[in-house]
Each structure stands twice: as C-alpha cells, then as structure tokens.
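Visitor: Return a 3D structure for these sequence lines:
(4 chains)
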Number of protein chains: 2
Amino acid sequence: MATVSRVLREPDRVTPAKRAKVGEAIAHFNYVPNAVAQQLRRPRSRTILVIIPEISNLFFAEALKNIENVAHDLGYRVLIGETQRCQERLDQYIDLVTSRTADGLILFGSLMPSVLRASMDAGAPLPFPVVLAEASVRWPNCPRVKIDNVLSGEMAVRHLVKTGRRRIAMISGPQRYTVSQDRLKGYRMVLAEAAMEQRQDWVVEGDFSMASGYAAMGRLLDLAELPDAVFCAGDEMAIGAQTAIRERGLRMPDDIALIGFDDMRFAAYASPPLTTIRQPAGELGKAAVGLIKALFDGDSIRESTIILPHELIIRRST
Amino acid sequence: MATVSRVLREPDRVTPAKRAKVGEAIAHFNYVPNAVAQQLRRPRSRTILVIIPEISNLFFAEALKNIENVAHDLGYRVLIGETQRCQERLDQYIDLVTSRTADGLILFGSLMPSVLRASMDAGAPLPFPVVLAEASVRWPNCPRVKIDNVLSGEMAVRHLVKTGRRRIAMISGPQRYTVSQDRLKGYRMVLAEAAMEQRQDWVVEGDFSMASGYAAMGRLLDLAELPDAVFCAGDEMAIGAQTAIRERGLRMPDDIALIGFDDMRFAAYASPPLTTIRQPAGELGKAAVGLIKALFDGDSIRESTIILPHELIIRRST
DNA sequence: CTGAAAGCGCTAACAC
DNA sequence: GTGTTAGCGCTTTCAG
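Guide: Numbering: from 1, shown residues only, chains lettered A, B, ... in the order given. Just a heads-up that it's a prediction; the model follows:
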C-alpha cells in the first residue's frame, strides 16, 4: 500500500521496475485513491469555498470563472455556494470550512457568517482563512479586493455633468448594502461639488434587477420635473430603465442620458449601447485567489485591501 | 467520543442528562465534527457534482439555482465544476466522484467524461450515478432530462409562418452540438412542410454569443435576397442580431421578424421585446436532482428520459 | 445507556 | 528502496 502511494505521489523514490509493476496493478484494478481518506491524512483539502449571493448575476459569474481558472492552475478545487442572500444557507456553507472540507473562503456579498461575527465580537483572530471580495464592510485582519464605489460613482456622474446634463437623477441599489450607499455617495458628492440641484424624488431605489430599473424609471418619468440624465447603479437596472424610456417614446441620449454600472456583456448590445462604469470582475476574482493562496501559505498579508481600477466605458446612451 | 457522536446524530439514544452535559462541552470547546473523517466512515458523501460548460450562461445559471435549492432541501451539497468545454478539465472534475468526494454527477453539455466513454465502450455498466441534463447524446442506462429541440425548433418557425413570413432564415448554433442540429432540423422540417424556399445562405452558424449573432445577422443583411424573418437558436444571438438590424436602420418586426430561443431574462427587455421559445431551465434542474436522488436510492429508473415542455412566448419582435 | 475497541483508506515515520 | 506500523477523527459494533 505504501509503495502504491509513493508511486502515485513521488514516483522518483521508487525503482523503475517496481514502479512499472505497481502501475500495471493500478491499471488492472482500476484503482483510484479515495480522496476522502487522503484528505483525512493530509493537512489541507486543497479546496477553496466561494460564496456568492446569486449565481445568475453576471458580475459574480464572471468573477467566478476567473477564480475557477486561477485556482485550478494553482492546484485548488473550487466549491461554490449560493446563499440567495439567506443567512442560514450562508452558515451552512461555512460548515464546509469549519469541518475542513475546504481550507478557506472567498466571500462575496454583504452577509456575514455567524461564526466570524462571533469570533470577531470576542476579539479573537479569524478561525480560518477568509478573503472578502467586493466587500461592503471592512473586517479586521481580513484581506479584501474591491473597487472604490464612491470614486466610480463620482466618475459616472461627472461624465454626465461634463456632457452638459444638469438635472441628474439616480436609480440606486438597495441602501442596506454599503456598495449601494457608496455609489449614491459618489453621486451626491459630484452634484454638491457642481452646485447642482439635488431633489429627493430624483433618487429612486431599485434592487439591481431589470424589473426594478423599469419600475424606478417609470416613477422618474411620472415626475413633473423630468431629469435629463440618470445614473443607474447597475447595468441590469439601466436596461430596465431603457425599456421604460423607449415605451414613453423618449429618445436616448437626446431626451435622457443613461449611464450604467458593471459593464456586463449585455451593455454593449443594449439599445442604445450603454455607457457604463466597468468593474473588473475577472481581475477581482484573480486577485481574490491570490490573496487566499497567500493566506494558505502563511504570508502575513492580513488587513491588506486591494483596490482595483474602474473604468468609464463611453457608448451611445450618453 | 462515541457518546458525542450519538448526541450529534441520534440524540434520542442518549439520556437527557448526559445529552445536556455533552452539549455543554460541545459548545464550550466549539467542537465541530471533521466532515472529512465522517465521510471516511460513511458510505456516501451526500454531495452532487454538477458539471456545466460555462457558468456565465444564463440558462445554466438558472438550472443551477434550482439544482442548488432542491439538493439543499434534500440534504445534499452541490459541487459545481465548469469545464469551459475542455475535456481535460471535465475529466479532472470526474475524479471528484471516482474518488468519492461526490456521490454522483449531473452532467450538462455535450462533452463526455473519458471514464464513462471507456466503460461504455467496454459494455460495462456506468461506474457511478450519472444523469444527463439537456443532453445532446443518449447514453445507455443513463437517465436524462431535456426538452425536445426538434419540436421546439418547429414551433418557432411555425409561428413565423403563421404570422405571414415567407423568407425565413436561421442563425443556428454550432453544428457539432446535437442541440443545435435538432433546432436546425425543426426549422428545415417546417419549411419543407410549408413548401417554402430553403436557401443555403439563409442558414448561418453562430456560437450562441451575442457577438456571433451580430456577425451572422450582418451576413444575412448583406445578401441580395433579404429574409423577412430569422429564427435564432439562442436569445443571446437574437439580441446580437437585433443590434445589427437596428444599425442598418431596419425595423422589427415590420422589416424583419425575429424569434429567439431560451427566454432568458433579458429577452423581455430587448428592443423590441423578443418573441422566443421558453426552455424550462429551472424545471430541468429540479428534475435532474430528482433523477439523481432516485439513482442514489437505488430506484431502477435507468434509461428513462424526461422530456420537459417548451413554450412559445410571443412578444413584439414577431 | 454508555464506554471501549475496531476499523474506514490513506500517508508518514520508521525499520529493515 | 521497500514493507511494516501507527494513526488522521470519526462511526459503529460489541461488551458491560
């Protein structure tokens, strides 16, 4: 048995003759090592758990794809958990790492595992490697990768101002998420800076879905005082908004300019093609894997924050 | 140790007094059973491996979400593997089940694991539970869930004929996939049946991406003999095609009618909203879990095929 | 009802 | 270089 193990793991430490013999036997019996038993003996499972709020969100999908790729190249397996923004499901997935099925965690979304919250409240160090991705909160001793949502919100609105818009509205994300708050903050910042009118009813909250963008835009268009530009905190909401605008017979960008957020792949095919702020989803995924790997290897990079660059993509909706 | 195990697993077989005491200890030491060790002793890992070609495809994302949900309710964990249509990565993921990290496999896509191909060639029974989802091929002794792509292709084109179109083109999927072949077959069927013109250059092959739909439509529009309707084998290609049509200043459905396939969530927000054939992605996922569960439980449902109903969703592009 | 003891299949340390 | 041995942390007999 031990020799078989060696042949599979460190073939050089076995005589070629024996190696061949064992190899034959392996082939003959169709032997595949039981990974569970291996894991029990080995210190690490070489598995990364990635937790995302929802799998059908294209931003996460893109990040995930890159995580998979990089992890795979590094010899790690990736386990994906979808929480659907439900605390209970999140905590169940966390069991995978406390029970050592996974070595560490890349966590997307704003939900926080109970175990981590508890250990933090107790002032204890994090019980296992975690990296926060696109994190809305800051967590002591925990590296994160994100973009600067305030700055990118500013960039979006500044572009609107620069192209001559004066009555700028916003369809924001749910305000319980810091990401959403930050983008809104960026919006307000620029408006204040440009000494432009800030109306309460020009900010409508959506939930990042197309339906919510459509509804929010509907409310904006019902206003007596119509905005001449709208900053949408997400591309899907922007696409919903476009539909609403088209239905009212208004033209973009002439009547209303629209800027989105994310640059998901549908943005370029919208009607008109959507100007947007690109979030580097892929880069974010890659960076997250780099961070977790460093944690695994014991590098003391805790507490670091990587801010990835956002980018203005000008298309024809502005 | 044994008692702790019992308290966690079959509390009723332990005196309440002892149970409480053990419970306290568990809480105090923050004890979490090592899942790897548990799995070593238990016959099954209660994990389902789901393999998909690409995670960012909305059809898979939707199916996956339902798989996750149902599996979760049944007490199964879901491991997701993305092959990116690469045989090597597929085979690596299959190791998860041969090495008993997963109990069985739900397989999307047309790639076939080498192990399975080998065992089939040898006339042997499948070495572990597999269900084929939206399978392009048939596999002996292996249950599958799918829709009827020929019939749904027919339904799409028949709708075009019924609404008075006479020069119907098609943007097909890659012909190396049976799914794509089937939809094309449906198209040809109806055309033949209606004794309508079938032109070689009215069928252009895409790869399901928006970019390919855009390019394919461009080629169609360059033709001397313009079609008055196009059946796209996927919604994303249809959205790409819409962009091309708009850019040429043509109107939908007046100049050209367009019908897509899938009814992914963007279809309703396209411009104009896309008429399409709905594939029940969610149902498909649920059914797949049901099938694999039955396989786990030893029900002899092998060789069954579940055909899920497709549906014509009429919107404004036709 | 509970503790002791025997493995699950493997790897690593240890002899030979 | 290779076989033997001792666990990894649990579950499951088996006694008591």
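Visitor: Look up how far DNA strand D lies from the residue in the stretch 201-318 of chain A positioned nearest to DNA strand C.
Guide: Across the stretch 201-318 of chain A, no residue is closer to DNA strand C than A:F296, which sits at 15.9 Å (Cβ to the nearest atom of the strand). Just so you know, the C-beta spots here come from the backbone N, C-alpha and C atoms, and that holds for glycine as well. The spacing between A:F296 and DNA strand D, counted by Cβ to the nearest atom of the strand, to the nearest Å, is 18 Å.
Visitor: Per-residue confidence at that residue, what does it come out as?
Guide: You'll see A:F296 listed with a pLDDT of 88.
Visitor: burial count for it?
Guide: By other Cβ atoms under 10 Å in any protein chain shown, the residues close to A:F296 number 16.
Visitor: and what of A:T243?
Guide: That count, for A:T243 with other Cβ under 10 Å as the rule, works out to 23.
Visitor: Report the contact partners of it.
Guide: Residues in contact with A:T243 (Cβ atoms under 8 Å, 6 or more residues apart in numbering or on different chains) are A:M210, A:Y214, B:Y269, B:S271, B:P273.
Visitor: possible to save these as CSV with pLDDT and distance to DNA strand D?
Guide: Converted to CSV, the contacts of A:T243 look like this (pLDDT from 0 to 100; distance: Cβ to the nearest atom of the strand, whole Å):
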residue, pLDDT, distance to DNA strand D
A:M210, 97, 45
A:Y214, 98, 50
B:Y269, 97, 49
B:S271, 93, 56
B:P273, 97, 53
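Visitor: ok, of the residues you listed, which come out buried?
Guide: Neighbour-count burial (16 or more other Cβ atoms under 10 Å in any protein chain shown) applied to these gives A:M210, A:Y214, B:Y269, B:S271.
Visitor: Quick one, grab the pLDDT at A:E10.
Guide: For A:E10, pLDDT reads 81.
Visitor: Kindly report the same for A:G109.
Guide: Looking at A:G109, its pLDDT reads 88.
Visitor: residues touching the spatially closest residue to it that is not a sequence neighbour, list them.
Guide: Using Cβ to Cβ, 6 or more residues apart in numbering or on different chains and skipping residues adjacent in sequence, the residue nearest A:G109 is A:P53, 4.1 Å away. The neighbours of A:P53, taking Cβ under 8 Å, 6+ apart as the test, are A:F60, A:E82, A:T83, A:Q84, A:R85, A:F108, A:G109, A:L111.
Visitor: Ok, A:E197 next?
Guide: Taking Cβ under 8 Å, 6+ apart as the test, what A:E197 contacts is A:R166, A:R167, A:L191.
Visitor: That one in helix, strand or coil?
Guide: Assigned with DSSP: H, G, I helix; E, B strand; the rest coil, A:E197 falls in the coil class.
Visitor: roughly how far apart are it and A:L220?
Guide: In this view, A:E197 and A:L220 are 14 Å apart by Cβ to Cβ, to the nearest Å.
Visitor: roughly how far apart are the residue nearest to A:G109 and DNA strand C?
Guide: Distance from A:P53 to DNA strand C, by Cβ to the nearest atom of the strand: 36 Å.
Visitor: Can you select the buried ones among the contacts of A:P53 for me in PyMOL?
Guide: In PyMOL, a selection of the buried entries from the contacts of A:P53 looks like this (16+ other Cβ under 10 Å):
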select buried, chain A and resi 60+82+83+108+109+111
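Visitor: So which of the contacts of A:T243 belong to helices?
Guide: A:M210, A:Y214 (DSSP state H).
Visitor: Which secondary structure element is home to the residue of the stretch 51-200 of chain A found nearest DNA strand C?
Guide: Using Cβ to the nearest atom of the strand, A:R100 is the residue of the stretch 51-200 of chain A that sits closest to DNA strand C, at 13.2 Å. Using DSSP states H and E, A:R100 falls within no helix or strand.
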